[in-house]
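Engineer: Sequence and predicted structure below; questions after.
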Amino acid sequence: MGGETYQLIAKAIAFMSENYLHQPDLATVAEHVNLSEYHFQRLFTRWAGISPKRFLQYLTVEYAKAKIAETKSLLNLTGDVGLSSPGRLHDLFVTLEAMSPGEFKAGGIGLRIIYGVHESPFGECLIAMTSRGICNLRFLDRTCNDVEQFLHSEWSKAEIVQDRQATKEICDRIFAPIATKQPLIVFVKGTNFQIQVWRALLKVPFAGLATYQSLAEAIGRPTAARAVGNALGNNPVGYLIPCHRVIRETGELGGFCWGLERKKVLLGWEASQNQQLRS
C-alpha cells in the first residue's frame, strides 16, 4: 500500500484514539478522512485484517498492561534469543552485529553503503545496507528530505550509493515476509550500553510489549531506565530493532523518534496480525 493509504489510516487511528471515550461510529471516522463508510471499512480491513473498532481495542491502557505482564518473563531469558519463531509469518529472525570501536572511530571508511527509499505499511522508509548487514532503517517524513545527506552525517567516510533495486528485496523481506529461517542481519554502531539495549530489544517478540524499566533490568542496569530511553531514541534500525515495543509501566506509549501516531499504528497493526495468527 502506498503512502497515501498510510496517511489515511494514521489519521483515522489518531481520530479514534482522541475520541475513544465517545466511541465514534464508522460513519463518523470515515467522514473525518473524507471517504465513504464502505470504502473506509474496506481500506482499513485490507490494511489491518480487522475492523477499525476492534483495532482500537489494542490501543487501550488495559490491553497494554496485560501485554507487558505477558512479555516480561521473556526478557529474563538467558542467551541471544532473538525474534526466534521464523516458522510464523511476521516473526522476523534478526541477528545483530556491532561495529568494533576501531571501525566506529573510522567513520565508515572502507564501507560501501547502498540505500533506497520504499513504501511500507507504515509510511515511506529509508533502508541502507552494507555487505555486513542493514545499517539504517528509518521512517521518513517531511523533515527528512535529503536521505543521502543524512547517511553522510551518520557515515561520514563511507561510499554511499543509491541502489533501490537491491534494497527493495530487503524491504519485501521485512514488510511482506514469508516463513524463512534465513536471518536478517543488522550492522550497527553504538556505545557498549546502546548495543546491550538493542540486543535486549531483540528478545521482545512480535506484538509483545516491554517497559523502559524491564529493559534496564534485563541488561543488569535497573537504575538506568532513563538511559535506556535515550538508547532507544538513537536506534539506527527501526522496526527490526523494535523500539516501538517499549512503553511506560502505566501503559502509556512514552516517546518514539518517528512520532507517537506511527507508534500507535505499529503497535495496533502488530497486535491485530498476531491475533489473526492465533485464531
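Structural biologist: Ah, there it is.
Engineer: Pretty sure residue 204 is one of the things residue 71 touches, is it not?
Structural biologist: Yes. Applying Cβ atoms under 8 Å as the test, residue 71 and residue 204 come out as touching, 6.2 Å apart. Where C-beta positions appear, they are placed from N, C-alpha and C, glycine not excepted.
Engineer: quick one, which of those two is more surrounded?
Structural biologist: Higher neighbour count among residue 71 and residue 204: residue 204, with 24 against 19, using other Cβ atoms under 10 Å.
Engineer: so how far is residue 33 from that one?
Structural biologist: Distance of residue 204 to residue 33, computed by Cβ to Cβ, to the nearest Å: 31 Å.
Engineer: again, but for residue 148
Structural biologist: 33 Å.
Engineer: any chance you could map the helices in the stretch 151-279 of the chain?
Structural biologist: Along the stretch 151-279 of the chain, the stretches classed as helices by DSSP state H, counting those that start in this stretch are 164-175, 192-201, 212-218, 225-233, 260-278.
Engineer: Please work out which of these is packed deepest.
Structural biologist: helix 212-218 (a mean of 22; mean count of other Cβ atoms under 10 Å).
Engineer: Now do that helix: everything it contacts.
Structural biologist: With Cβ atoms under 8 Å, 6 or more residues apart in numbering as the test, helix 212-218 has contacts from 68, 71-72, 75-76, 197, 200-201, 203, 210, 222-229, 232, 246, 248-249, 254.
Engineer: OK, contacts around the residue nearest the centre of the chain?
Structural biologist: Nearest to the geometric centre of the chain sits residue 239, at 2.5 Å (Cα atoms, centre = their mean). Residues in contact with residue 239 (Cβ under 8 Å, 6+ apart) are 122, 137, 174, 266.
Engineer: okay, it: pLDDT?
Structural biologist: We have a pLDDT of 95 for residue 239.
Engineer: ok, now how distant is it from residue 262?
Structural biologist: Residue 239 is 10 Å from residue 262, by Cβ to Cβ.
Engineer: And the next helix or strand past the helix or strand harbouring residue 72?
Structural biologist: Using DSSP states H and E, residue 72 sits within helix 61-75. The helix or strand immediately downstream of helix 61-75 is strand 94-98, counting by DSSP H and E.
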